[in-house]
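# predicted model, plus sequence, below.
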Protein chains: 2
Amino acid sequence: MRAVAQQMFRTCDTLFSRKMSTDAVEARPSNIETAAQMDNVLHLPSSSQTFNVGAVMERAHHGGGWLLSGIIGVNILTLGCALVSGSAFNSVAITAVHRQIFLIILLLLTMLWMLFYAVVTSKKDQAVLFKDGHAGPVWLRGGLLLFGFLSLLMDIFKIATYVGYLHCDSAVKVAFPVVQAVFLIVQTYFLWFHAKDCVQRHTNFTRCGLTLLLSTNLVVWMAAVTEESIHQTEIPDLDVNVSHKMYRASYGSVKCKCSHSACDTFKDAFYYLYPFNIEYSLFASAMAYVMWKNIGRLVGDHRRQSVKFYPKDVRVGPVMGLLLAVAGLVTFVVYEVDILTEDEKNRNRALLIHFIMNIVIVSLMCLSTVIGCILFRLDHREHVSEKNPTRSLDVGLLVGASMGQIIISYFAIVAAVATGARGYLNALNLSWAVLTVLQLGLQNYFIVEGLHREPFHVMQEAALHTNAHAVREHPEMSVVPERQKSKYSMTSSPETLSWKRRVLKEVCVFLLLANIILWIMPAFGARPQFDHPIEIKFYKFTMWSAIVNIGLPFGIFYRMHSVASLFEVYLIS
Amino acid sequence: MRAVAQQMFRTCDTLFSRKMSTDAVEARPSNIETAAQMDNVLHLPSSSQTFNVGAVMERAHHGGGWLLSGIIGVNILTLGCALVSGSAFNSVAITAVHRQIFLIILLLLTMLWMLFYAVVTSKKDQAVLFKDGHAGPVWLRGGLLLFGFLSLLMDIFKIATYVGYLHCDSAVKVAFPVVQAVFLIVQTYFLWFHAKDCVQRHTNFTRCGLTLLLSTNLVVWMAAVTEESIHQTEIPDLDVNVSHKMYRASYGSVKCKCSHSACDTFKDAFYYLYPFNIEYSLFASAMAYVMWKNIGRLVGDHRRQSVKFYPKDVRVGPVMGLLLAVAGLVTFVVYEVDILTEDEKNRNRALLIHFIMNIVIVSLMCLSTVIGCILFRLDHREHVSEKNPTRSLDVGLLVGASMGQIIISYFAIVAAVATGARGYLNALNLSWAVLTVLQLGLQNYFIVEGLHREPFHVMQEAALHTNAHAVREHPEMSVVPERQKSKYSMTSSPETLSWKRRVLKEVCVFLLLANIILWIMPAFGARPQFDHPIEIKFYKFTMWSAIVNIGLPFGIFYRMHSVASLFEVYLIS
């Protein structure tokens, strides 16, 4: 009996001492396998060390913290989703105030964690030994800063508006934008400086913190999307003829009147800024997710190869692209001006111009992407075979984000086909949607193929080196059928290479500029999805506004991401 | 000029010859890197071969086919989603007939591909050189067979019903179940025999075929979920008091009358069988996804280690589990009988018993899972560090499927808390939801931890071997602090190990049986989510039925998957 008790006591002791000193345990070679690994690391030649590092890296992912952080994230996210849906579908039991209190708590917790993280990493230099050069690229951080600034503006307008309602509405409506404004500043600072970190200490705690950050941003995103959708459907009498007014409508509370005169202006302004806040949350989520994935990763200090950028290599692409971008900008301005007029004819003309311009852009993009894909088929560059988690993640985000636009386009196609696509506007709308789906598929293929090719300069060096080596050591390997050999040497001669490379680069630059103009139009307010009534009639307003408000921000994110990826493809082509 | 033309001609030739003979290209060492790899494979000792196989495996994933198949899958899926939503939200322009024509085309195409695949693999034995022993486990194939049989029954009832409407309704409504019945047989045959294949030839074509299979199943799943939800909301006057009737309501078409008398019976029967068809589609999707992931994989022929199953090792767990299962079954039968009565008192009593039973089951599960987690903390088994894609996939499916139940529970929690949870039924409902979330989190943690531990017997052998080796070769490594060492040797002595192992096994068996009863209840018709009106009142019927109809099949899938995973944890503990 005493022996059993003693045993239990010792067991408890073991349990707690392990629990308390998790970090210490992680550091020492506590058990057999790690010892064996250490053994390998110490005694094998350096070439096999990378393999062992890989094994250790893999192991770090299987710790309890990884799972625990996932569970925390899922719970916050699901609770947030339920609360947001609840407040959307039942505004009596759960009001916007309840939702905002929940969000305030989340934001405060996240800020606390970010401050803690910043303090810890500034103190101990060992906490962050490695930086992932691919994480947090400049376009992502730049976008974060831009959208963060516009979101801050939105919060200021919100505060100014709801201060006017303080005498008859909840103070939480002022408190929430205040907290959110502080959060925006803290988070932008945090992500700007720490997006590249590969944390090595307190990994479990950091994992949980990062899923908190990620899920907070996603809950904010959900709340903003819902609020935007509800706002758009605020006019109760759903008449399709006024849908264009509905979208840019003015609103007035029924019972509670604003105490200062600038209220309506501020309200208009902050609702106009909502899409930027939605975009900001997506950017921050993407960066938090990459940081979470990078915890415990041991990356070598291989900086990005400094491939030089020769703008004079290419001519046709930039010229065509710039022409297209300028034309797109002009029609965009015309569209924005004309669509606000009451005159039906003017509005239809604006839509017509917008549709035609988009069809031209997308068709030209398809054409050039097809040329690019054929060139990939022609050149004999090898696919990169080494594992690169950052690139896989990048490609995943790119393809995932393209889903937003694809879904919108397919819904538009179904609506147009089902109603017979009568009239030139409907026909144009249908063609635009079909071409967009085609373009997205082709562009995804082009970018992924391009990113997975060996860079040209690496390729050339390797070819010289390895060919000589292979022939010297294995003469039997060089017996390749004569026809094949001649073909190979022909297509890979420097002269043809440079021809193909130039065209590839032209294609990249053209696509890059076209993506920029396709980014500008929806990002700065073009919403033909609401101005052209066919889909609203078909799916009813609630459903269609949900689809567009969820899909379009992903589409905008996709365009920015494409620009960055195309630039990378340009450099390695 | 002539030189340029010649050049272009040769280029085209290269392009097409490459395109035509993709398979041949894949087989020969076409380029530098593969040559270098071959070199390694041929000349390095066998220990490093696995590494090279890994590299080749990775490469196979980056081919164009992988991307192309993804694009095809995404397009079918999005188009299907748009069509299904369109027919749900606008039954004028897109009727069920349109949707069914689309589905018939998809099913026919998929069947064609499956037949082609079966013929090709039966002819050439080289097409499938490797089989993944972990893919398509017996529970998945068994479930597929069971649900496939019930879905077939559903289709037969559907045919019998709609034959009665042939004189006044579209013939497509008969054609669709006929095609689907044939599809069910072909697909079940296909997945039963080919789920373990790791295809090595025609990989691109097979990839595209498998995404076709996957997306077809998902579109069928979406269509079934939508149809089920629409059917449940068919009674237009949404009175909460009759919600229990609504769910099991009878239906009659207004204009078109059935020509034979058994129509209503058949209709009742086939709507009752819908959930099984939904489940079948999920099972088939999971298996198709695993097959898709396995294309081009080179797995060693390591069969599952034959760990023996000693039922006499454990006693408390099975006894407790069986008692719980029997009690659960009894209350389930009582619930099913009482809930159909019109008497409000009877129905409340049925709900009371069901809630209490579920709370007891879930609480006991939480308790035993906590014990299991503590035991994992106590024992010093190492995490498995080798990569195992099948296991990662398995864990991903498990955790993903648990989301269904988690979402339902959180929505229930929000509804109960927001309405104040007045009355004992609401309080019980709330506790059940909270405990379910807790239980799912704990169980996910327990299963994932358990699956990632080194099996005990492997561990013991390794310990004996490596310890001796390490001490012999590196005496400096054996200098471990005395206290730590004594603790370690104490806890890993065979006697204590067997104590901990026994308790772990008891926990596994108990959880396994508890999961079985939690599977039986929803799988065979218990729907307290619709019988208890609070959530319907809160979220409105449409939204709540969508949540439950999407979430619950995943929850059922999760319980079956858990049973299989717990059995595996039992074996390696």
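Looks like it came in fine. These numbers come from a predicted model, not from an experiment.
# packing partners for whichever strand or helix holds A:Arg559?
If you go by DSSP states H and E, A:Arg559 is part of helix A:541-572. If you count contacts as 3 or more Cβ pairs under 8 Å, 6 or more residues apart in numbering or on different chains; DSSP states H and E, helix A:541-572 packs onto helix A:138-163, helix A:203-232, helix A:263-294, helix A:389-418, helix A:424-451, helix A:494-523, helix A:528-531, helix A:534-539. Every residue, glycine included, has its C-beta placed from N, CA and C.
# the very next helix or strand once past the longest one packs against which elements?
Using DSSP H and E, the next helix or strand after helix A:263-294 towards the C-terminus is helix A:316-338. Identification of packing neighbours for helix A:316-338 by 3+ Cβ pairs under 8 Å, 6+ apart yields helix A:344-378, helix A:494-523.
# buried set for helix A:316-338?
A:Gly317, A:Pro318, A:Met320, A:Gly321, A:Leu324, A:Ala325, A:Gly328, A:Thr331, A:Phe332, A:Tyr335, A:Asp338 (16 or more other Cβ atoms under 10 Å in any protein chain shown).
# do stretch A:363-383 as well
A:364-366, A:368-369, A:372-373, A:375-376, A:378-383.
# now swap in stretch A:85-99 and tell me
Residues of stretch A:85-99 classed as buried: A:Ser85, A:Gly86, A:Ser87, A:Ala88, A:Phe89, A:Asn90, A:Ala93, A:Ile94, A:Ala96, A:Val97, A:His98, A:Arg99 (neighbour count, 16+ other Cβ under 10 Å).
# of these, list those near chain B.
Among the buried residues of stretch A:85-99, the ones lying near chain B by Cβ under 8 Å from any Cβ of the partner chain are A:Ser85, A:Gly86, A:Phe89, A:Asn90, A:Ala93, A:Ile94, A:His98.
# on that earlier part again, of the helices and strands packed on helix A:541-572, which approaches chain B most closely?
helix A:389-418 (4.0 Å; Cβ to the nearest Cβ).
# quick one: mean pLDDT over the closest one.
Taken as a whole, helix A:389-418 carries a mean pLDDT of 88.
# and it, what does it pack onto?
For helix A:389-418, the packing partners by 3+ Cβ pairs under 8 Å, 6+ apart come out as helix A:263-294, helix A:424-451, helix A:534-539, helix A:541-572, helix B:64-89.
# I'd like to know which of those helices is closest to A:Leu112.
With Cβ to Cβ as the criterion, A:Leu112 lies closest to helix A:263-294 of the helices and strands packed on helix A:389-418, at 15.7 Å.
# any buried residues in that closest one, and which?
A:263, A:266-271, A:273-294.
# that helix and chain B, are they touching?
No - contact of helix A:263-294 with chain B (Cβ under 8 Å from any Cβ) is absent, the minimum separation being 14.2 Å.
# next, the angle from that helix to helix A:494-523.
140 degrees (axes from the mean of the first three to the mean of the last three Cα atoms, to 10 degrees).
# what's helix A:263-294 packed up against?
Using 3+ Cβ pairs under 8 Å, 6+ apart: helix A:263-294 touches helix A:138-163, helix A:172-194, strand A:197-198, helix A:203-232, helix A:389-418, helix A:541-572.
# one more time with 6 Å
In terms of contacts (3 or more Cβ pairs under 6 Å, 6 or more residues apart in numbering or on different chains; DSSP states H and E), helix A:263-294 is packed against helix A:138-163, helix A:203-232, helix A:541-572.
# make TSV from the ones you listed and add distance to A:Pro177 to it.
TSV is the format used below for the helices and strands packed on helix A:263-294 (distance: least, Cβ to Cβ, whole Å):
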stretch	distance to A:Pro177
helix A:138-163	4
helix A:203-232	12
helix A:541-572	20
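# reformat those as a markdown table; add mean pLDDT, distance to B:Ile516 and mean neighbour count.
Formatted as a markdown table, those follow (pLDDT from 0 to 100; distance: least, Cβ to Cβ, whole Å; neighbours: other Cβ atoms under 10 Å in any protein chain shown):
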| stretch | mean pLDDT | distance to B:Ile516 | mean neighbour count |
| --- | --- | --- | --- |
| helix A:138-163 | 90 | 47 | 19 |
| helix A:203-232 | 89 | 32 | 22 |
| helix A:541-572 | 88 | 38 | 22 |
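# now for those, which one comes closest to A:Gly73?
Per Cβ to Cβ, nearest to A:Gly73 of the helices and strands packed on helix A:263-294: helix A:203-232, 3.4 Å.
# the residue lying closest to A:Phe176 once chain neighbours are set aside: how many residues sit nearby?
Once flanking residues are discounted, A:Phe176 sits nearest to A:Gln100: 4.2 Å by Cβ to Cβ, 6 or more residues apart in numbering or on different chains. Neighbour count for A:Gln100, taken as other Cβ atoms under 10 Å in any protein chain shown: 21.
# sorry, back to before: okay, the angle between the helix holding A:Arg559 and helix B:64-89?
With the same axes, to 10 degrees defining the directions, helix A:541-572 sits at 170 degrees from helix B:64-89.
# returning to that earlier point: columns distance to A:Cys81 on top of the helices and strands packed on helix A:541-572, output as a markdown table?
Output for these, formatted as a markdown table (distance: least, Cβ to Cβ, whole Å):
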| stretch | distance to A:Cys81 |
| --- | --- |
| helix A:138-163 | 21 |
| helix A:203-232 | 6 |
| helix A:263-294 | 14 |
| helix A:389-418 | 18 |
| helix A:424-451 | 27 |
| helix A:494-523 | 25 |
| helix A:528-531 | 24 |
| helix A:534-539 | 22 |
